[in-house]
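Novice: Got a predicted structure here, sequence first:
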Amino acid sequence: MKQEINNIIQKIISGMVTSPLDFSVDISNDKSHGDYSTNVALILAKKIGKNPFEAANVIKGKIGENSLFKKVEVAGPGFINFFISDKVFIDNLKNIDKDFGKGTEMENKRIIVDFTDTNLFKEFHIGHLMSNTVGEALSRIFESRGAKVKRICYQSDVGLNIAKAIYGMENLIQDYDKILATKNASAKVAFLGTAYAYGSQSYEQNQEAKEAIIKINKEVYDKSSPTTNKFYKVGKKWSLESFGEIYKKLGTKFDAFIFESQVFDFGKNIVKAGLEKRIFEEGDNGAIIFKGEKYGLHTRVFVNSEGLPTYEAKDLGLAELKYKKYKHDSSIIITANEQNEYFKVMLCAMDKMMPELAEKTKHMGHGMLRLPEGKMSSRTGKVITGESLIEKVEELVKEKIKNREFLVKEREKIAEEVAVGAIKYSILKQSIGSDIIYDFDKSISFEGDSGPYLQYSYARAESILRKAKNEKIRPSFKKVPAELSELERDIYHFPEIVMEAQKKCEPHYLVTYLTDLAGKFNSYYAQNKIVVKVDEFSPYKIALTKVFAQVMKNGMWMLGIKSLEKM
């Protein structure tokens, strides 16, 4: 409808101006001021020598009678408000199905979304949880608008961090032997975290340990030590098994896992070629650097003094490998915003070496997720794992629903899905770049501004539909009330909101919309008896409930939040 209104106005003003005007058509926040409003008259007024109010009335007069609009009004300094015809809303409701909200704007676009990007031999922490939630939501939103999306997880399996963890495994051998005998995957990954913290602290405090870790680092690359190979193989296996369980719980299926060990040769060769072209320079101790100061950035090392490629060089190799695997139009990399400055330098170097790939590559930095306990650090062992956060929220949900009639397995599943929904909602409800302090109580509330509120509203609608089926009242739009509620009008806007979230790469538009829509439905439910055999409008109310449930289901799927039949 926004585009339809835009087209109508452009046609009207085409004879008044020499070129198309750039104006906005927006969904009205206050429905008493119409369903849509435009500022075109404020922009047109200067062009035609009239004040905005006069210009608005000229446009209104030329619109005349139009079956799309119940009425058109001029308000304030010259805004034009459009009240959409009830028939438009009802016709829309009749056509809502599982594909409602989908579009074709990105049809045939091939997009790689690179997210989560775990580090082997380390625990899956809440930063990974943040990246996974944002990446999965954007992937689904892009898919809903017709894009072909490939989900990539780029995982660190070589480098100094791995060497530090292996050093810790070797020096905590008694603990290692005990963990080796257990089947507890969480305990195994927790041990890897402990080993990494031990190795990291030893590297900083003990010169002999530092030299041993540097040696292990080389052995990981060239696979020259049977002992190092043994610990490496075990730690990698434990990490991947643990991450796989978490991805399953979060509802993410990656199309490819790419490891640093697959790209370091690519990256090193790119940097060497860049050295010959004088894009890179030799620094101290034989390192190869990129002098970012030339471009208003900062200098970074791409190959270290040991001749090993750094993260920067590997990211260049990753870009090349991703394009070889999937010929894409766009590659979006999602990380914490702590890496924003790093990516500016890396992408600048990529632009000098591989301008076509650099043009296709975009970095998005998300904010930090913090708990009341404060910031975490894997170096010191103070890590807040994603799994522990989910488990803590699960326990709070179980306590909240303990008096409800569920089977034990059913209660466990509901608690998990509500907990994951609560966390995802808390991450997605604001702009991607914003930091979050997680509020446990608010996140599991069943009354507004939470994931469980969305799930509960959907479950309530499903309960009403089951009751209607038992009462043998079929949904129908044949007999429509004289006055429509805000619920019908808000449902209409769903595809436009999804499009906005896609264009701006901001899932929070969709979160806000679904929360408001759930509120409208719950108000409607409070004011209307829906399943009443003697009510001639009961079939309509049931049909409206059905389409509300479908929109909620479609929207929650895009956010990666499970829709539950009962709670």
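Specialist: Yep, it's here.
Novice: CA atoms for contacts and neighbours, from now on please.
Specialist: Fine.
Novice: Contact partners for the most centrally placed residue in the chain?
Specialist: With distances taken as Cα atoms, centre = their mean, Val134 lies nearest the centre of the chain, 2.1 Å away. Taking Cα atoms under 8 Å, 6 or more residues apart in numbering, we find Val134 in contact with Ile334, His366, Ile427, Leu428, Ile432, Pro507.
Novice: helices or strands up against the strand or helix carrying Tyr203?
Specialist: Using DSSP states H and E, Tyr203 falls within helix 185-205. Under the contact definition 3 or more Cα pairs under 8 Å, 6 or more residues apart in numbering; DSSP states H and E, helix 185-205 sits against helix 160-171, helix 173-180, helix 207-222, helix 226-250.
Novice: sorry, back to before: turn the contacts of Val134 into CSV, columns for distance to Lys102, secondary structure and pLDDT.
Specialist: Formatted as CSV, the contacts of Val134 follow (distance: Cα to Cα, whole Å; DSSP: H, G, I helix; E, B strand; the rest coil; pLDDT from 0 to 100):
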residue, distance to Lys102, secondary structure, pLDDT
Ile334, 24, strand, 98
His366, 26, strand, 97
Ile427, 23, helix, 97
Leu428, 20, helix, 98
Ile432, 22, coil, 96
Pro507, 15, coil, 98
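Novice: For the nearest residue to Tyr509 once chain neighbours are set aside, pull up the helix or strand it's in.
Specialist: For Tyr509, ignoring the flanking residues on the chain, the nearest one in space by Cα to Cα, 6 or more residues apart in numbering is Ala501 at 5.6 Å. Using DSSP H and E, Ala501 maps to helix 494-504.
Novice: chain center to that helix, what's the gap?
Specialist: Taking Cα atoms, centre = their mean, to the nearest Å, the mean C-alpha location of helix 494-504 is offset from the chain mean by 14 Å.
Novice: what's downstream of it, the next helix or strand?
Specialist: Past helix 494-504, the next helix or strand by DSSP H and E is helix 508-527.
Novice: Would you mind writing the CA trace of that next one as PDB?
Specialist: Extracted in PDB, the C-alpha atoms of helix 508-527 (Å, rounded to 0.1, in the frame of the first residue of the first chain):
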ATOM      1  CA  HIS A 508      13.900  -5.100  15.900                       C
ATOM      2  CA  TYR A 509      11.200  -3.600  13.600                       C
ATOM      3  CA  LEU A 510       9.600  -7.000  13.400                       C
ATOM      4  CA  VAL A 511      10.000  -7.500  17.200                       C
ATOM      5  CA  THR A 512       8.200  -4.200  17.900                       C
ATOM      6  CA  TYR A 513       5.500  -5.000  15.400                       C
ATOM      7  CA  LEU A 514       4.700  -8.500  16.800                       C
ATOM      8  CA  THR A 515       4.700  -7.200  20.300                       C
ATOM      9  CA  ASP A 516       2.200  -4.400  19.400                       C
ATOM     10  CA  LEU A 517       0.100  -6.900  17.400                       C
ATOM     11  CA  ALA A 518       0.000  -9.300  20.300                       C
ATOM     12  CA  GLY A 519      -1.200  -6.500  22.500                       C
ATOM     13  CA  LYS A 520      -4.000  -5.600  20.000                       C
ATOM     14  CA  PHE A 521      -5.100  -9.200  19.900                       C
ATOM     15  CA  ASN A 522      -5.100  -9.500  23.700                       C
ATOM     16  CA  SER A 523      -7.200  -6.300  24.000                       C
ATOM     17  CA  TYR A 524      -9.600  -7.700  21.400                       C
ATOM     18  CA  TYR A 525      -9.900 -10.900  23.300                       C
ATOM     19  CA  ALA A 526     -10.600  -9.000  26.500                       C
ATOM     20  CA  GLN A 527     -13.400  -7.000  24.900                       C
END
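Novice: helices or strands next to that helix in the packing?
Specialist: If you count contacts as 3+ Cα pairs under 8 Å, 6+ apart, helix 508-527 packs onto helix 408-428, helix 451-470, helix 486-492, helix 494-504, helix 538-559.
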